[in-house]
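**Q** What shape does this take:
(2 chains)
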Amino acid sequence: MQTWLEPLIKIAVLVGALQGAVAYLVLVERKVAAYIQDRLGPNRVGPWGLFQPIADGLKFILKEEIIPAGADKALFLIAPISILATATVAFATIPFGYVIPAGGGEPIVLTIAPGLDIGLLFVFAISSLGVYGVVLGGWASNNKYSFLGGLRSSAQLVSYEIPLGLSVIGVLLFSGSLRMETIIERQAETGWWWFAVQPLAFLVFMISGCAESARLPFDLPECEQELVAGYHTEYTAMKFGMFAMAEYQHMITVAFLAVLLFFGGWHLWGLAPYTAGNEVTWLGAILRVIVLSVKVLLMVFFFMWIRWSWPRFRYDQLMDLAWKTMIPMGVLSLLVCAICQEFLDPNDMISRCVLGWLSVAGCILWMALSAKQPNRMATESNRP
Amino acid sequence: MKPDDKNIQWVKEPQLGLSGRMYLGPLFDGLTTTARHFFKTVRGEGMTKQFPEERPEFGNPLIYRGVHRLNKDEQGRVKCVACFLCATACPAHCIDIIGTGAPWPDREKYPQSFVIDELRCIYCGMCEEACPVDAIELTALFDLTGASREEMIFDKEKLLSVYDATIEKEPMRSRSRPPQLTKPDPQDK
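**A** Down below sits the predicted model:
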């Protein structure tokens, strides 16, 4: 096979699957929301509402595009493009399977850029660029609500990058590589998924990842209650659609990262990494893709589930959580991982596990004991 | 009311216990609550009724106050005797009757035209109360819609057709027997 053809096919498959997944995740989100609220959700367009995403897409394309009179036209147009482009490009190093057999030759790795040594770093670098779309969109709209949304999101996304980065360093220490394929293989070899060994890092990663993708407990960039719709208030038709797609792609990215870094990627007990004596088969390849997809979908469902379960943060609480809780917890997790890596046998997972869970318990206890009691209502002190 | 009023009860906000301050218990509570509702709806025990397909259930359709109908007697004639009691009782002035001499020997008058503006009607049921011959009744039809105002002005034929459409399910609620001009029944009120 031509060397340029293989990545092209992989890009086509992945981008197509991503756009389809984003369209249908909107439906799934609406269904989950409806079911949690004892409703039925969209069910008029096609059986079980299955053609609803197509109707939504058509609506987005056919609606009138409005550029506000006071808007900075160039930046206003660039913002949705940049946010969607970065959200898509971030998938270049994320494996969406393991390998597939290639007729006697070297098996094809199911990653657009396979074997890239900066894998994880690339994902973080590119997906952090998404904040430009948000800030530019908010600023170029010439609308105060958009502007506030842009400001808030820039502060939020920049703050939560730090604990997000801290939480993955432990994984990198244990895996010994930034390559996504190696991180999964290491988990498959040891049989321990990193969430069991580094629960504190996983906790920090999930909370920060949720904040990075601006999902509901952390939806301050676009909170409807306070900012109309935040940075995309002035956007219409497909430009708004691009913002919405980027938001869902971010969620998929975070779900993928959580599964790859902490839940063993395509690994399930019985699915071993390929070695010389272990033949690459189509069955094994498809099984691995299915295992990975199911894990990612479960993770996405979890994000949707918590969206309707937990209350939102106030902005100062959000910042408090990032700087006063998440960063110290990330540092502690990194410290524990580093100590384990330095002083323990590389294959002694049980001691690492015990230390990891002890650090989580310590953090939660520390949080509980240092928490202030609520004192907003009438108490002895302010009673006349 | 002064702050030191004896009638004021000062309430303290309940203090969080250790598990509450650890957040995990409350967070888990939230997740289980939403999951319970999720699976309840998945099992098909949700609250939603699919309205046009699934009709709501009435307690008693005979006492529901929906669209009017004009009842017919055994010979298929309109029961109304054009006495104008319903139009007089109507607080919304939505009934318009033109009475004329009846072609039949058992009554003096009958409505040449009987028009109800269903948009003006407040569905209070006073016309039904007022009618001495049980000619006008309110049915259990509640989902009345129309594309124009003219469509919602029901004339005699339409009101009689409502009778044809609903008589199977809702029998006439007769309180009095048909009036007889020649020899009044002593039991008749």
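**Q** contacting residues around residue A:173?
**A** A:337, A:338, A:341 (C-beta atoms under 8 Å, 6 or more residues apart in numbering or on different chains). The way it works is simple: take the backbone N, C-alpha and C, and place the C-beta from them, glycine included.
**Q** Okay, it and chain B: tell me how far apart.
**A** In this view, residue A:173 and chain B are 27 Å apart by C-beta to the nearest C-beta, to the nearest Å.
**Q** Same check on residue A:25?
**A** In terms of C-beta to the nearest C-beta, residue A:25 sits 17 Å off from chain B.
**Q** does chain A sit close to the worst-scoring helix or strand of chain B on mean pLDDT?
**A** Among the helices and strands of chain B, helix B:18-21 carries the lowest confidence by mean pLDDT, DSSP states H and E, at a mean of 76. Yes: interface with chain A: helix B:18-21 contributes B:18, B:21 (C-beta under 8 Å from any C-beta of the partner chain).
**Q** Show me what that helix packs onto, helices and strands only.
**A** In terms of contacts (3 or more C-beta pairs under 8 Å, 6 or more residues apart in numbering or on different chains; DSSP states H and E), helix B:18-21 is packed against helix A:349-370.
**Q** counting contacts, what elements does the helix it packs on pack onto?
**A** helix A:194-197, helix A:199-212, helix A:327-343, helix B:18-21.
**Q** State the mean pLDDT of the strand or helix carrying residue A:252.
**A** If you go by DSSP states H and E, residue A:252 is part of helix A:237-262. Per-residue pLDDT over helix A:237-262 has a mean of 88.
**Q** How about stretch B:168-182?
**A** 63.
**Q** just to revisit the earlier point, winner for burial among the helices and strands packed on helix A:349-370?
**A** Among the helices and strands packed on helix A:349-370, ranked by average contacts under mean count of other C-beta atoms under 10 Å in any protein chain shown, first place goes to helix A:199-212 (a mean of 25).
**Q** relative to helix A:199-212, how tilted is the helix holding residue A:252?
**A** 180 degrees (axes from the mean of the first three to the mean of the last three C-alpha atoms, to 10 degrees).
**Q** how far is helix A:237-262 from where the chain is centred?
**A** 7 Å (C-alpha atoms, centre = their mean, to the nearest Å).
**Q** how about it: buried residues?
**A** For helix A:237-262, burial by neighbour count (16 or more other C-beta atoms under 10 Å in any protein chain shown) applies to A:238-262.
**Q** And the strands in chain A, which stretches?
**A** A:99-100, A:108-109 (DSSP state E).
**Q** before we move on, what about chain B?
**A** Secondary structure of chain B (DSSP E): strands at B:68-70, B:95-101, B:109-117, B:136-138, B:153-154.
**Q** nearest to chain A, of the ones you listed?
**A** strand B:153-154 (30.9 Å; C-beta to the nearest C-beta).
**Q** would a markdown table of the strands of chain A with distance to chain B be doable?
**A** Listed next are the strands of chain A as a markdown table, based on distance: least, C-beta to the nearest C-beta, whole Å:
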| stretch | distance to chain B |
| --- | --- |
| strand A:99-100 | 35 |
| strand A:108-109 | 37 |
